[in-house]
Structures are given as C-alpha cells and as structure tokens.
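> predicted model and sequence below, questions to follow.
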Amino acid sequence: MTAITPLIRHYGDNAVLVEWDTAGFNATVSDQVHALAAQLRKTPIFTEVMPGYDSLVVSFDAEDLTLDEVTQQVKTALQADSDICVASESRLVEIPVSYGGAAGPDLAALAERIGKTPQEVIALHSDREYRVCMMGFIPGFAFLSEVDPVLQHPRHATPRAVVPAGSVGIANWQTGIYGLDSPGGWQIIGRTDLDMFDAKRDAPFLVEAGDRIRFVPQ
C-alpha cells in the first residue's frame, strides 16, 4: 500500500495536528496514523500522542519545546521509516460478546432492515478483526474500524438515555464498545461483560488505540 502524505500544522500553542486527506475510513491511513504514533512514543518528549481515524495530535510542554521543533520531530519521524504505512506490532484482544436479547436490543430489527437473519449479522460482525482507531467520547469507549458494508447502518434518530457499559454497537460504517453507562444513539447488537474501563485498575483502559479486537460470540 502506498503511503499518503499528511498535512502538519500548529494546533494551538502546545500541540501539532497531523492530518490525512481522506474520505471515510481508509485502512492505509489508519496504519500510517498508528505507525507514526508508535514512532513518536519512542521519544519521551511529548506530553501526549493522540491518534484518531485520520489524524494525530501531538501535545508538548511549551517550556521545553517550540511548535517548530515539534513539527520537525514529526517530519523526521515520518521520513525515518519507509514502511511507516505498515502497522507496527499491535496487541490482539478477544472480546466475548452476548449478541441479541436484552444485551443487544437492536439486533433483530437491524437484521430485518438489511435482509439478514440475526445469526448472519452476528457472523458478519464477528468474522473480521478490528482496529481500535481512537478512544473517547467517554472513558473506555473504543471507536473501531469499519464493519462489513452490509452491516452499515445509521444511528437512532433519538438516542437512548442510558446505554449500558460494555454495549457493542454500530453507527454508520463503524462499530464500537461503550466504556461506561452513557446516553447514546448507536445500534446496540450485543454486550460484553468485560470492564472496558475501571479507574481502580493499574491500567484503567482494557484496550488502547492501535490494538486489534476480535469479537467472540458467547
């Protein structure tokens, strides 16, 4: 796959934004984002390196570095590895999921709308490996890479007041896992009993951006 050259620009007084020009999810760009993030984290001079679907924010202490210095560091990291478009070694995490029923209240309706059986939806959703592209909007929420095109479906027009922690949903082309109980409009097709976020753990987040996920039907 051919690397795509990103745009690098100042992002406030103490951050640099690296942004790729792409429409929708692009697996090559996702590989570049996370490979660059891994490269930058090798040098402990940044306060945070935050990957997204098609961008990366690098923040720093303005007392130690300047915007121009950080911009050059990013350019050097991009040029350092000719294989930057290839994802670095990443962790594979298996997520057990109870699909349908009370755990996945939208599974049956979604299956009917796309002309599939619930079992076919489960098979399509669990058949591929996903990347954790970014974390947010609540602690532990994992935004994952694209689902099979057949499964792509818009959010609910009216969000639910509460979606339980561990819920697995679909929103347009992406799938994701709720880290905490939260309002949300995703199509909920299942739920995992794993704690995606636990503030009492040494590592509060079960998964991190760059990890790979495989759903295991229970």
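Sure, I can see it.

> partner residues bridging residue 18?
Beta-bridge pairing for residue 18 (DSSP bridges): residue 8, residue 56.

> does it touch residue 35 like I think?
No. Between residue 18 and residue 35 there is no contact under Cβ atoms under 8 Å: 11.8 Å. In short, each C-beta sits where N, CA and C put it, glycine included.

> so the two - more neighbours on which side?
When residue 18 and residue 35 are compared for neighbours, residue 18 comes out ahead with 27 against 23, by other Cβ atoms under 10 Å.

> do you know how far the more buried one is from residue 93?
Look at residue 18 and residue 93: by Cβ to Cβ, to the nearest Å, they are 26 Å apart.

> how is this structure partitioned into domains?
Taking automatic domain parsing as the domain assignment, the ranges for the chain are 7-80, 92-217.

> I'd like those domains as TSV, with mean pLDDT appended.
What follows is these, written out as TSV (pLDDT from 0 to 100):
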stretch	mean pLDDT
domain 7-80	91
domain 92-217	96
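
> list the strands paired with the helix or strand residue 131 falls within, with their directions.
Take DSSP states H and E as the rule and residue 131 turns out to sit in strand 130-135. Using DSSP bridges, strand 130-135 pairs in its sheet with strand 142-146 (antiparallel), strand 212-217 (antiparallel).

> so which of those comes closest to residue 24?
The minimum distance between residue 24 and the strands paired with strand 130-135 falls on strand 142-146, with 8.0 Å, by Cβ to Cβ.

> not counting its own residues, what contacts the helix or strand that comes right after that closest one?
For strand 142-146, the succeeding helix or strand toward the C-terminus, using DSSP H and E, is strand 160-163. Contact with strand 160-163 is made by 169, 178, 181-186, 188, as judged by Cβ atoms under 8 Å, 6 or more residues apart in numbering.

> of the residues you listed, which pair is most distant in space?
Top of the distance list for the contacts of strand 160-163 (Cβ to Cβ): 181 and 185, 14.7 Å.

> skipping its backbone neighbours, what lies nearest residue 195 in space?
Once flanking residues are discounted, residue 195 sits nearest to residue 206: 6.6 Å by Cβ to Cβ, 6 or more residues apart in numbering.
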